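Asker: Predicted model follows, preceded by the sequence.
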Amino acid sequence: MAQASGTIDVRQGILDTAHRIVGVKGFSGVGLNEILLAARVPKGSFYHYFGSKEAFGEALLADYFAAYLADIDVTLAEPGLSHGERLLAYWRKWQATQGSVDHQRKCLAVKLAAEVSDLSEPMRLALKAGTAGIIDRVTGAIEAGVADGSLRVAGGARETAEMLYHLWLGASLMAKIDRTDAPFEAAMAATQRVLDLQPG
């Protein structure tokens, strides 16, 4: 049993180390040796856990989204708030993390989407599955907000969730280009208009 735990710890240690490095340098710009040196893991051990760099990238994204979706679930279940307020809390958290200088907290979907989607089909599918999970949760929160009267939307919940997610992805990219929070402020203002939050 201890051996299985050790296996999980080593594999997770490689992924955790890679999150920090890939968050700064991207996927293609990082060699395996750099990750393994930082994780203090021999190269042979890497191939025990991951069959290739591409398989590693797929696992890295799956691990990232598992943690990200768990965090969204906590945010969208915050006690004492309406569903509309919970959605705004999610977008505020997005702005705080994407606008920070802490690369470890930044969204790998934003960082890697353009880079790896044309290079690796398994990684593209991992990104697609992860972002679909985010949109699913935002959709559910919008539906719940309409039901509890805390927000109103002109279109369908899924359509609105997709549009908002795309809006915030774009804002994240523009914030990197502009190096200001202005794109996030614009995205937040648009989000508040789209959700038409109702007074409690």
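Answerer: Thanks, I have the structure now. Numbering: from 1, shown residues only.
Asker: just for this structure, where's the confidence low?
Answerer: The chain contains residues with pLDDT under 70 at 1-8, 100-106, 200.
Asker: Can you give me the separation between the spatially most central residue of it and A186?
Answerer: Centroid-nearest residue in the chain, with C-alpha atoms, centre = their mean: C107, separated by 4.4 Å. Separation of C107 from A186 (C-beta to C-beta, to the nearest Å): 18 Å. Placement of C-beta: from N, CA and C, glycine included.
Asker: same question, R40
Answerer: Distance from R40 to A186, by C-beta to C-beta: 43 Å.
Asker: just L112 next, same as before
Answerer: Distance from L112 to A186, by C-beta to C-beta: 24 Å.
Asker: L88 now?
Answerer: For L88, the distance to A186 - C-beta to C-beta - is 15 Å.
Asker: One more: V24?
Answerer: 26 Å.
Asker: ranges for the helices of this structure?
Answerer: Using DSSP state H, the helices of the chain run over 2-25, 32-39, 43-49, 53-75, 83-98, 108-116, 121-148, 157-178, 182-195.
Asker: Format those as TSV; extra columns: mean neighbour count.
Answerer: Shown next, in TSV, are the helices of the chain (neighbours: other C-beta atoms under 10 Å):
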stretch	mean neighbour count
helix 2-25	15
helix 32-39	16
helix 43-49	14
helix 53-75	17
helix 83-98	19
helix 108-116	19
helix 121-148	18
helix 157-178	17
helix 182-195	17
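Asker: so L87 makes contact with A141?
Answerer: Yes. L87 is within contact range of A141, at 5.1 Å (criterion: C-beta atoms under 8 Å).
Asker: Overlap in contacts, these two.
Answerer: Common contacts of L87 and A141 (C-beta atoms under 8 Å, 6 or more residues apart in numbering): L76.
Asker: All set now, cheers.
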